[in-house]
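Peer 1: My questions concern the predicted model and sequence given below.
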Amino acid sequence: MDNKSALEAFAALSQPTRLEVFRLLIKAGEAGMSAGGIGETLGVRQNTMSANLSILTRSGLIRSAREGRSIRYFADMDGVRSLLAFLMEDCCAGRPELCQPVIDAIACPQS
């Protein structure tokens with residue numbers, strides 16, 4: 001990921017509704033959510049939600065798949081990994097043990 005892509009991702013997340021959508025899709029995992037379901041869950045009108053979903057898609061943080069007449073949205077984990085890797089690229093001056101607490105905090109717990 002380069003600076004321009006990272007700035008686009010941060011700009012997409014800098015708006016409250018888009019941040020909520022992103023976090024909702026992270027929680028939804030592989031099942032994703034329909035555009036209507038996202039709007040209903042967050043109480044956002046369809047045309048407003050459509051614009052926000054477009055911005056998040058262009059940022060590389062979410063992706064979509066058509067299912068008949070509807071569209072299902074998912075967190076794009078490759079995009080999320082790229083953004084996190086970009087942020088952590090020069091972490092801790094080559095001392096990985098200093099980065100481990102951050103990695104542990106963002107890792108999914110093992111069950």
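Peer 2: Now that the structure is in, tell me what you want to look at. Numbers count the residues shown, from 1 in each chain.
Peer 1: in the chain, which spans are strands?
Peer 2: Counting by DSSP state E, the segments of the chain that form strands are 33-34, 62-67, 70-75.
Peer 1: Turn those strands into JSON lines, including distance to residue 101.
Peer 2: Every residue, glycine included, has its C-beta placed from N, CA and C. Formatted as JSON lines, the strands of the chain follow (distance: least, C-beta to C-beta, whole Å):
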{"stretch": "strand 33-34", "distance to residue 101": "31"}
{"stretch": "strand 62-67", "distance to residue 101": "28"}
{"stretch": "strand 70-75", "distance to residue 101": "24"}
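Peer 1: what about the closest residue in space to residue 32 that isn't next to it in sequence, neighbour count?
Peer 2: Among residues not flanking residue 32 along the chain, residue 74 sits closest, at 3.8 Å (C-beta to C-beta, 6 or more residues apart in numbering). Other residues near residue 74 come to 17 when the count uses other C-beta atoms under 10 Å.
Peer 1: With residue 77 instead?
Peer 2: When neighbours are counted by other C-beta under 10 Å, residue 77 comes out with 13.
Peer 1: Next, work out how far apart it and residue 68 are.
Peer 2: Separation of residue 77 from residue 68 (C-beta to C-beta, to the nearest Å): 24 Å.
Peer 1: How far does the least confident helix or strand in the chain by mean pLDDT sit from its chain's centre?
Peer 2: Within the chain, no helix or strand scores below helix 96-106, which has a mean of 82 by mean pLDDT, DSSP states H and E. Chain-centre distance of helix 96-106: 20 Å, with C-alpha atoms, centre = their mean, to the nearest Å.
Peer 1: by contact count, what packs against it?
Peer 2: helix 77-88 (3 or more C-beta pairs under 8 Å, 6 or more residues apart in numbering; DSSP states H and E).
Peer 1: Pull the distance from the helix it packs on to the chain's centre.
Peer 2: For helix 77-88, the distance to the chain centre is 10 Å (C-alpha atoms, centre = their mean).
Peer 1: Pull the number of nearby residues for residue 38.
Peer 2: 23.
Peer 1: likewise the one 5 residues further on?
Peer 2: For residue 43, the number of neighbouring residues by other C-beta under 10 Å comes to 8.
Peer 1: Could you verify my assumption that residue 83 touches residue 3?
Peer 2: No: counting by C-beta atoms under 8 Å, residue 83 stays clear of residue 3, with 11.8 Å between them.
Peer 1: Right, I'll leave it there.
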